[in-house]
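> Any chance you can model this:
(one chain, ligands or ions: 2)
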Amino acid sequence: MPLPQSLRMTRQRRLILDELRRLKTHPTADEIFQVVKRRMPRISLATIYRNLDILSQAGVIQKLETAGLQRRFDGDISQHPHVRCVKCGRVDDMTGDARPPRIERMPRAEGYAIHGYRLEFLGTCPQCGKGGGNIQ
Ligand SMILES: [Zn+2]
Ligand SMILES: [Zn+2]
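Residues are numbered from 1 along each chain as shown. Ligands and ions are numbered 1, 2, ... in the order given. Down below sits the predicted model:
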């Protein structure tokens, strides 16, 4: 994937981006920190945060907005729906076609031009669902 010309790729930034693209777990800044630290022991959490901000502003990574939880990041910037486990907070990609609602059935907000939407499903992950019986 080509990177925007304006984005200066420092060694730290490259490493964060590589790790984030490799991980499929939609990690939090803390989790990225733990992984990157192994290869760059002197990096700080503040540096991770700053670089995640720069990378997401450049559109190279995705910041996932999940209400009331720690922010997660995605190295995959294609539009795809996510499912979040209501028990452990784990976030996974979903496959298949997430069709946007027909325009005439879209909700409206007075005075707003709508640019897009995010789709997040809630569920119970395989790990949390084990032995738990049926969770409604
Ligand atoms: Zn779970
Ligand atoms: Zn994703």
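> now what about stretch 55-68, what contacts it?
Here stretch 55-68 makes contact (CB atoms under 8 Å, 6 or more residues apart in numbering) with 1, 3-4, 6-7, 13, 16-17, 20, 26, 52, 71-77, 82, 84, 91, 118, 120. All C-beta atoms are positioned from the backbone trio N, CA, C, and that covers glycine.
> any idea where the helices of the protein begin and end?
Taking DSSP state H, the helices of the chain run over residues 11-22, 29-39, 45-57, 126-129.
> Just the buried subset of the contacts of stretch 55-68, written out for PyMOL, thanks.
To isolate the buried ones among the contacts of stretch 55-68 in PyMOL, judged by 16 or more other CB atoms under 10 Å, type:
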select buried, resi 13+16+17+20+26+52+72+73+74+75+82+84+91
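> which of the contacts of stretch 55-68 are close to ligand 2?
Checking these against ligand 2 by CB under 5 Å from the ion, the ones in range are residue 74.
> and this structure, which of its residues are near ligand 1?
Contact residues (CB under 5 Å from the ion) of the chain with ligand 1: 85, 87-88, 90, 125, 128.
> Among the residues you listed, which one lies nearest to ligand 2?
Distances from ligand 2 to the residues of the chain next to ligand 1, taken as CB to the ion, are shortest for residue 90 (11.9 Å).
> nearest residue to that closest one other than its sequence neighbours?
Of all residues beyond its chain neighbours, the one nearest residue 90 is residue 125 (5.0 Å), with distances taken as CB to CB, 6 or more residues apart in numbering.
> what residues are up against the one you found?
Contact analysis of residue 125 by CB under 8 Å, 6+ apart lists 85, 87-88, 90, 92.
> Among the contacts of stretch 55-68, name the ones in strands.
Assignment to strands by DSSP state E places the following of the contacts of stretch 55-68 there: 72-74, 82, 84, 91, 120.
> I'd say residue 33 and residue 46 touch.
No. If you go by CB atoms under 8 Å, residue 33 and residue 46 don't touch, sitting 9.8 Å apart.
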